[in-house]
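Participant: following is a predicted model, sequence given first.
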Amino acid sequence: DPKIIQKPKYLVAVTGSEKILICEQYLGHNAMYWYRQSAKKPLEFMFSYSYQKLMDNQTASSRFQPQSSKKNHLDLQITALKPDDSATYFCASSQDRRNTEVFFGKGTRLTVV
Amino acid sequence: GQQVQQSPSSLVLQEGENAELQCNFSSTATQLQWFYQSPGGSLVSLLSNPSGTKHTGRLTSTTVTKERRSSLHISSSQTTDSGTYLCAIDYNQGKLIFGQGTKLSIKP
């Protein structure tokens, strides 16, 4: 029974469009994250939130906007999509932001055509 | 910059053999996790081991913090162990830095 739910599992988008990736966690964790895995690259950190506040942003582009409507939700809005945005986006959570075990969702595979 | 180096990049074994995976990191780690990534892409946390030795099932992780290295030992490998093993480090910044992974293939 997955405790971190990501929707959708697969997503195909047209260049220039906007999409929202959904993430909900049912682990009671206080910290949530987004990571990205592009082809042949290591997983890379994008954002961290703690108690619904943005703590760290490692994305160079403002086209990526996390949105936290509830403590256990962290969606990712991506605007003006580009083919280079094609990747698997993983949502993750941990009890606290530092030095605690991090758990990952199954990912949303985004393809921009 | 802060890096995570894993070796070997790939490993092919016969079922029943033991696997030894290595992770080296560039400065003091406050958190270290080993993950399994299935061929389908899902990430599963195997062990959280910033220091010392931890066991779970057929897995043993040993982290020597002063030497900035960690190992993951898989005993009596099975075909279902095939996949990519990732080492990830938090350098007390509240984010994980991942290595490139070790792709493990277990032949029947």
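Facilitator: Nice, I can see it.
Participant: ok, so what distance separates residue A:30 from residue B:79?
Facilitator: 39 Å (CB to CB, to the nearest Å). Bear in mind the C-beta positions are built from the backbone N, C-alpha and C, glycine included.
Participant: what residues does chain B put near chain A?
Facilitator: By CB under 8 Å from any CB of the partner chain, the part of chain B that sits against chain A consists of B:4, B:30-31, B:33, B:35, B:41-45, B:48, B:50, B:86, B:88, B:90, B:92-101.
Participant: please narrow those residues to those residing in strands.
Facilitator: Among those, DSSP state E puts B:4, B:31, B:33, B:35, B:43-45, B:48, B:86, B:88, B:90, B:97-98 in strands.
Participant: beta partners for residue A:4?
Facilitator: residue A:25 (DSSP bridges).
Participant: residues contacting it?
Facilitator: A:23-27, A:91-93, A:103-106 (CB atoms under 8 Å, 6 or more residues apart in numbering or on different chains).
Participant: follow-up on the earlier one: out of the ones in strands among the residues of chain B next to chain A, who's nearest residue A:39?
Facilitator: Closest approach between those and residue A:39, by CB to CB: residue B:98, at 14.8 Å.
Participant: so in terms of bridging, what pairs with that closest one?
Facilitator: residue B:88.
Participant: chain A: strands as residue ranges?
Facilitator: A:4-7, A:10-13, A:19-25, A:31-37, A:44-50, A:53-57, A:64-67, A:75-78, A:87-94, A:102-104, A:108-112.
Participant: out of these, flag the one nearest residue B:10.
Facilitator: Closest among the strands of chain A, using CB to CB: strand A:31-37, at 17.9 Å.
Participant: what about the closest one, near chain B?
Facilitator: Yes - Strand A:31-37 is in contact with chain B by CB under 8 Å from any CB, via A:31, A:33, A:35, A:37.
Participant: does the second one have beta-bridge partners, and which?
Facilitator: With DSSP bridges as the criterion, residue A:33 is bridged to residue A:48, residue A:92.
Participant: OK, contacts around it?
Facilitator: Here residue A:33 is in contact with A:45-49, A:74, A:91-94, A:102, B:95 (CB under 8 Å, 6+ apart).
Participant: what residues does the residue most central in space within chain A make contact with?
Facilitator: Centroid-nearest residue in chain A: residue A:34, 3.3 Å away (criterion: CA atoms, centre = their mean). Contact analysis of residue A:34 by CB under 8 Å, 6+ apart lists A:23, A:46-47, A:66, A:74, A:76, A:89-92.
Participant: so which of these comes closest to residue A:57?
Facilitator: residue A:47 (5.5 Å).
Participant: was I right about that closest one contacting residue A:65?
Facilitator: No - the pair residue A:47 / residue A:65 is not scored as a contact, 9.2 Å apart, by CB atoms under 8 Å.
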